[in-house]
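> A structural model of the following input is requested.
(2 chains)
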Amino acid sequence: MAEVAFAAAVQDLIDALGRLPGVGPKSAQRIAFHLLKADAEESSRLAAAILAAKERVGFCEVCFNLSEEARCEICSDDRRDGHVVCVVEEPRDVVAIERTREFRGRYHVLQGAIDHLQGVGPEQLRIRELLARVTAEQVTEVIICTNPNLEGEATALFLTKMLDVPGLVVSRIANGLPVGGDLEYADELTLGRALEGRRVVAGPAPAE
Amino acid sequence: MYVQRLWLRHVRSHTEVELELSPGVNLFEGPNGVGKTNLVESIAFIGSLRSFRGAPTEALVQAGAAAATIRAEVVEDGRVHLFESELPARGRVRVQVNRNRLQRRRDLLEVVQTTVFGPDDLELVKGGPGLRRALLDDAVVQVRPADELVVGDWERALRQRNSFLKQAGPAAARRGLDEAGAATLEVWDAKAVELGGAIHELRRRMVERLSPFVADAYDRVAGRPSEVRLRLVPGWSGGDLASALVSARPDDLRRGVSTVGPHRDELLVELDGLAARTHSSQGEQRCLALALRLGVHQFVTEARDAPPILILDDVFSELDGDRSRALVGALPAGQTFVTSAVGAPDGVRPDAVFRLDHDGGVVRAE
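Predicted coordinates for the structure are as follows:
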């Protein structure tokens, strides 16, 4: 059964959109048709926004977060504690942790996690730069906040091995239960990890 | 649990099918090539989200169609669940249960499970060790769906380790690993010990618990008392997995692949003290294959307190009357699907009979 083909320009647009993360073939089609139906101005605005962001935004030379300046807002903020560095995989993780307003230290964005299946080894990540920062900036604690999945845990383990520096505290973000949720709805693995990482609230510390 | 209603659209040879099924024994009969196996394949898909014939899901889509649809009403513990899936010719399978998108396959296993006996099951005994590991892993997940995470993470960790070895191995085998390379390999070794150790332990315990069920099933199907033993031989030698990985390191680097580990585990099946794969007759091997499936089915039935939906696809054509009757007699009462080209097999008393013809028709015989 022969398929009715789109004009070449339309198909090019659909293909380009379909290469974006999280956009499947159906969504790519929907977005393409929307753009073609809407005013030309809407397309120009979108194209301009993409170009402007691409032109103005780069990576911070210190922490590799997204930044419009050579040094990002957080790295240039003197009120932040430069002795504590939180290591994350992606810029979006910085945004997530910033929303908590709990953390007053600085960040280091690895720009991924070890994933050999995607061709990402430690040398493709900003790990060398992290090690340099630890000595240069007299960092006292590194908090590893990579994702709690296989690749994130492997990356955390790798960092732990590389950050074997005298006097440096290396910590890993805890596994726990979502606040405001019910215990019975937590999945077994999360619940199991939360039990493993329990905290003593009274009485003597349990024997090691 | 049972499937009370099944709708198919554009599934292999079936353009449009709607069936009301019996909670007891359902027989699909008709000449070869009318799509009997396609029907039970769809039913098994509801419980596993994959084809028991080992085909990619796209293969279930009728030629020329954009997508196949499999819908079913599944009754579990008195509640009716609506299962809906769309299998596109290209792209990801979408599944909804009770109109909510299914996030994890294991959530499905809480509602519906299937056991499939197929004509290729003889390979369980005669074929390579991968099939026997899959039998164990599937049983582990059927009894405790949460363990699917361990199975999945282990498989992924192994692929990561192999991918690293392939990329870095050959050069490192000549010049040695640099500091980062050594640390990376240590990381994957640690993950292999953690996850691979866990999966091996799950398999070991499963073999222990499964053995009496398989031995019992064999005696029934073969109709004589025999000594059936199951033994899990680790995919590494010389003590614990961690030191085995260290010893294998030069080999792993040179060959660019993990040479030892639970992915080399072997489930040995022995009949009267001899390895069944190499020493048993064809008839004995066939009985052992049935006994392995039946043993898992009985074990899961007991562990979950409910029999999985049972699918017997073209199993009886290879069995004589006595063995057919013995197999049927040994099956726990639950919903059962039987395919046959020539009427009800010996010992099978169907509650509903469906006749298939070459025009794609499926008619329930009264």
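> now the closest residue to chain A within the stretch 101-250 of chain B: which helix or strand?
Proximity to chain A, evaluated over the stretch 101-250 of chain B using C-beta to the nearest C-beta, is greatest for residue B:163 at 3.7 Å. The way it works is simple: take the backbone N, C-alpha and C, and place the C-beta from them, glycine included. Secondary structure assignment for residue B:163, by DSSP states H and E: helix B:148-175.
> burial check on the residue nearest to residue B:345 when sequence neighbours are not counted, number of neighbours?
Counting by C-beta to C-beta, 6 or more residues apart in numbering or on different chains, residue B:345 lies nearest to residue B:316, which is 3.5 Å off, once chain neighbours are set aside. When counting by other C-beta atoms under 10 Å in any protein chain shown, one arrives at 24 neighbours for residue B:316.
> hmm, the longest strand along chain A in reach of chain B?
Under DSSP state E, the strand in chain A containing the largest number of residues is strand A:81-88. No. Strand A:81-88 does not reach chain B (C-beta under 8 Å from any C-beta of the partner chain); its nearest approach is 15.4 Å.
> hmm, who's touching that strand?
A:94, A:97, A:103-110, A:130, A:133-134, A:137-146, A:159 (C-beta atoms under 8 Å, 6 or more residues apart in numbering or on different chains).
> would you show me how to pick out the buried ones of those residues in PyMOL?
Buried residues among the contacts of strand A:81-88 (16 or more other C-beta atoms under 10 Å in any protein chain shown), as a PyMOL selection:
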select buried, chain A and resi 94+97+103+105+106+107+108+109+110+130+133+134+139+142+143+144+145+146+159
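> out of the contacts of strand A:81-88, list just those in helices.
A:94, A:97, A:130, A:133-134, A:159 (DSSP state H).
> that older thread, ok, the residue of the stretch 101-250 of chain B closest to chain A - how many residues close by?
19.
> do the same with residue B:207
19.
> then the one 5 residues further on?
Counted with other C-beta under 10 Å, residues neighbouring residue B:212 total 14.
> now do the same for it: its pLDDT.
With respect to pLDDT, residue B:212 has a value of 94.
> how far away is it from residue A:191?
32 Å (C-beta to C-beta, to the nearest Å).
> for residue B:248, same thing?
36 Å.
> can you check residue B:174 too?
From residue B:174 over to residue A:191 (counting by C-beta to C-beta), the distance is 48 Å.
> and the two? Which one has more around it.
Neighbour count, other C-beta under 10 Å: between residue B:174 and residue A:191, residue A:191 has more, with 17 against 9.
> show me what the helix holding residue B:163 is packed against.
Secondary-structure packing of helix B:148-175 (3 or more C-beta pairs under 8 Å, 6 or more residues apart in numbering or on different chains; DSSP states H and E): helix A:150-162, helix B:105-109, helix B:129-143, helix B:179-191, helix B:197-222, helix B:241-255.
> next SSE downstream of the first one?
Translated: helix A:150-162. strand A:169-172.
> let me know the average pLDDT across that next one.
Here the average pLDDT along strand A:169-172 is 94.
> partner strands of it, with direction?
In the sheet, strand A:169-172 lines up against strand A:141-144 (parallel) (DSSP bridges).
> so which bits of the stretch 101-250 of chain B are right by chain A?
Close to chain A, as judged by C-beta under 8 Å from any C-beta, the stretch 101-250 of chain B has residues B:146, B:149, B:153, B:156-157, B:159-160, B:163-164, B:167-168, B:180, B:183-184, B:186-188, B:190-191.
> residues touching the residue positioned nearest the centre of chain A, list them.
What sits nearest the mean C-alpha location of chain A, by C-alpha atoms, centre = their mean, is residue A:90, with 2.2 Å. Applying C-beta under 8 Å, 6+ apart to residue A:90 gives the contacts A:109, A:111-112.
> one more time with 10 Å
By C-beta atoms under 10 Å, 6 or more residues apart in numbering or on different chains, the contact set of residue A:90 is A:65-66, A:96, A:109-113, A:146-147.
> of those, buried ones?
Applying 16+ other C-beta under 10 Å to the contacts of residue A:90 flags A:65-66, A:109-113, A:146-147 as buried.
> out of the residues you listed, which one sits closest to residue B:252?
When those are compared for distance to residue B:252 (C-beta to C-beta), residue A:113 wins out at 22.6 Å.
> how much space separates the closest one from residue B:177?
According to C-beta to C-beta, residue A:113 and residue B:177 sit 21 Å apart.
> swap in residue A:116?
Residue A:116 is 14 Å from residue B:177, by C-beta to C-beta.
> also near chain B: which of the ones in helices among the contacts of strand A:81-88, exactly?
Contacts with chain B within the ones in helices among the contacts of strand A:81-88, as defined by C-beta under 10 Å from any C-beta of the partner chain: residue A:159.
> mind putting the ones in helices among the contacts of strand A:81-88 in a markdown table, pLDDT included?
Shown next, in a markdown table, are the ones in helices among the contacts of strand A:81-88 (pLDDT from 0 to 100):
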| residue | pLDDT |
| --- | --- |
| A:94 | 95 |
| A:97 | 94 |
| A:130 | 94 |
| A:133 | 93 |
| A:134 | 92 |
| A:159 | 95 |
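> mean neighbour count, the helices and strands packed on helix B:148-175: which tops it?
Comparing these by mean neighbour count (mean count of other C-beta atoms under 10 Å in any protein chain shown), helix A:150-162 ranks first with a mean of 21.
> which other helices and strands does that one contact?
The contact analysis (3 or more C-beta pairs under 10 Å, 6 or more residues apart in numbering or on different chains; DSSP states H and E) places helix A:150-162 against strand A:81-88, helix A:127-136, strand A:141-144, strand A:169-172, helix B:148-175, helix B:179-191.
> looking at those, which is nearest to residue A:26?
Nearest to residue A:26, of the helices and strands packed on helix A:150-162 and by C-beta to C-beta, is helix B:148-175 at 26.8 Å.
> so residue B:205 sits against residue B:140, correct?
Yes. Between residue B:205 and residue B:140 there is a contact under C-beta atoms under 10 Å: 8.5 Å.
> re the thing from before, ok, which of the helices and strands packed on helix A:150-162 comes nearest residue B:25?
Of the helices and strands packed on helix A:150-162, nearest to residue B:25 by C-beta to C-beta is helix B:148-175, at 29.9 Å.
> what is the mean pLDDT for that closest one?
Mean per-residue pLDDT for helix B:148-175: 88.
> buried ones in that helix?
B:148-151, B:153-158, B:160-165, B:168-169, B:172-173.
> which residue ranges of chain A form strands?
With DSSP E as the criterion, chain A has strands spanning A:58-59, A:66-67, A:81-88, A:105-109, A:141-144, A:169-172.
> export those strands as CSV, with columns for distance to residue A:180.
Output for the strands of chain A, formatted as CSV (distance: least, C-beta to C-beta, whole Å):
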stretch, distance to residue A:180
strand A:58-59, 35
strand A:66-67, 30
strand A:81-88, 24
strand A:105-109, 26
strand A:141-144, 24
strand A:169-172, 24
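> how about the residues of chain A near chain B?
So chain A meets chain B at A:1, A:3, A:24-26, A:114-119, A:121-123, A:127-128, A:149-151, A:153-162, A:164, A:187-189, A:191-192 (C-beta under 10 Å from any C-beta).
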